[in-house]
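Asker: Sequence plus the predicted model coming up.
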Amino acid sequence: MTTGAKDPYHLASLHRGLEVIGCFARRPSWSLAELATELGQNKATLFRVLHTLEAAGFLAKDANGRHVPGLALHALGNAAVRQEQLRWQSLPPIQALAEETGETVHVGILHEGEVVTVQVVEGTHAVRMHSRVGKRSPAHASALGKLLMAYLPDAEVEAIIARHGLPRFTPATITTPEALREALHQIRQQGWAPDAEEIEPGLRCLAAPITDQTGRPSAALGISAPASRMDAARCAAVLPRVKAAALQVSRMLGSPSSAAA
């Protein structure tokens, strides 16, 4: 609804740039004049918007001097497609695992140094772990986050620590870089990650890697439950099922079976 009041958080220049990008969903190439007519913007202003988008790699020019999507825009689109593929292809395996175990199963990716949940199926027990798509969690204190950090270059791990720190959530939380590096080394060696009440008292989680077409761990699948139902014996029984579900998702995403295994 238009009220006539100016939105103090609205960035007009960014809005114009997004309007331009939106045009390429309707037509693969545009001239300056065509865009000016389509958007009702003057050419001088639009030229600056196009120049900025081109400099950032979101637009380029073809052999005829027409504006076309650039590599950055293609990469952004491909990332969105991959995430949607991950969300929906992971759903049947995690539904099966949740039904089999009665526990909450979720899939997450690492984004800007945090774990973002992209798919979740809640368990059937009255007392269970609750999650939601879009939930963000600290990487150093979660099984999914530690698993994904374990396969990052050291410099990226250090950047995450510098950006987010290692805040304590429970007595079991890892709070020093040295302890985190040791934990990540162990995770790489064993191929799975635990969360032993590190983010919330009474909550435990096991996570296994989901690998992409290159065999690189790009997401993680985890199962979470109250610590009272996840003693050492049950963890040992559930872990192979978690790995199998993660492997199934990996194969559905085109990962080489040997790398996913």
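Answerer: Received, thanks.

Asker: what about the most centrally placed residue in the chain, which helix or strand?
Answerer: Centroid-nearest residue in the chain, with CA atoms, centre = their mean: residue 109, separated by 3.0 Å. Counting by DSSP states H and E, the element that carries residue 109 is strand 104-111.

Asker: re earlier: grab the nearest non-local neighbour of the residue nearest to the centre of the chain.
Answerer: residue 219 (5.0 Å; CB to CB, 6 or more residues apart in numbering). C-betas here are computed from N, CA, C, even on glycine.

Asker: Quick one: residues contacting that neighbour.
Answerer: Contacts for residue 219 (CB atoms under 8 Å, 6 or more residues apart in numbering) come out as 86, 90, 107, 108, 109, 118, 148, 209, 210, 212, 249.

Asker: which among those residues gets closest to residue 166?
Answerer: The nearest member of those to residue 166, counting by CB to CB, is residue 148 at 15.9 Å.

Asker: Can you show me the strands along this protein?
Answerer: When assigned using DSSP state E, the strands of the chain occupy the ranges 59-61, 67-69, 104-111, 114-121, 136-138, 193-196, 203-211, 217-226.

Asker: out of these, which comes closest to residue 38?
Answerer: Nearest of these to residue 38, taken as CB to CB: strand 67-69 at 11.8 Å.

Asker: and that closest one, which residues are buried?
Answerer: Within strand 67-69, the residues scored as buried using 16 or more other CB atoms under 10 Å are 67, 69.

Asker: and that strand, what other elements does it pack with?
Answerer: Applying 3 or more CB pairs under 8 Å, 6 or more residues apart in numbering; DSSP states H and E, one finds that strand 67-69 contacts strand 59-61.

Asker: Which helix runs longest in this protein?
Answerer: helix 232-252 (DSSP state H).

Asker: buried sites along that one?
Answerer: Applying a neighbour-count criterion of 16+ other CB under 10 Å, the buried positions in helix 232-252 are 235, 238-239, 241-252.

Asker: Residues contacting that helix from elsewhere in the structure, which ones?
Answerer: By CB under 8 Å, 6+ apart, helix 232-252 touches 86, 89-90, 93-94, 96-97, 100-101, 103, 105, 107, 191-192, 194, 204, 206-212, 219-223, 230, 257, 260-261.

Asker: Just the C-alphas of it, formatted as CSV.
Answerer: Output of helix 232-252 as CSV, limited to C-alpha atoms (Å, rounded to 0.1, in the frame of the first residue of the first chain):
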residue,chain,number,x,y,z
ALA,A,232,26.9,-43.5,23.4
ALA,A,233,25.2,-46.7,22.3
ARG,A,234,22.4,-45.0,20.4
CYS,A,235,24.8,-42.6,18.8
ALA,A,236,26.8,-45.6,17.5
ALA,A,237,23.6,-47.1,16.2
VAL,A,238,22.3,-44.0,14.5
LEU,A,239,25.5,-42.7,13.0
PRO,A,240,25.6,-45.2,10.1
ARG,A,241,22.0,-44.2,9.2
VAL,A,242,23.0,-40.5,9.2
LYS,A,243,26.0,-41.3,6.9
ALA,A,244,23.8,-43.4,4.6
ALA,A,245,21.2,-40.6,4.3
ALA,A,246,23.9,-38.0,3.6
LEU,A,247,25.5,-40.3,1.0
GLN,A,248,22.0,-40.8,-0.7
VAL,A,249,21.6,-37.0,-1.0
SER,A,250,25.1,-36.6,-2.3
ARG,A,251,24.5,-39.2,-5.0
MET,A,252,21.2,-37.4,-6.0
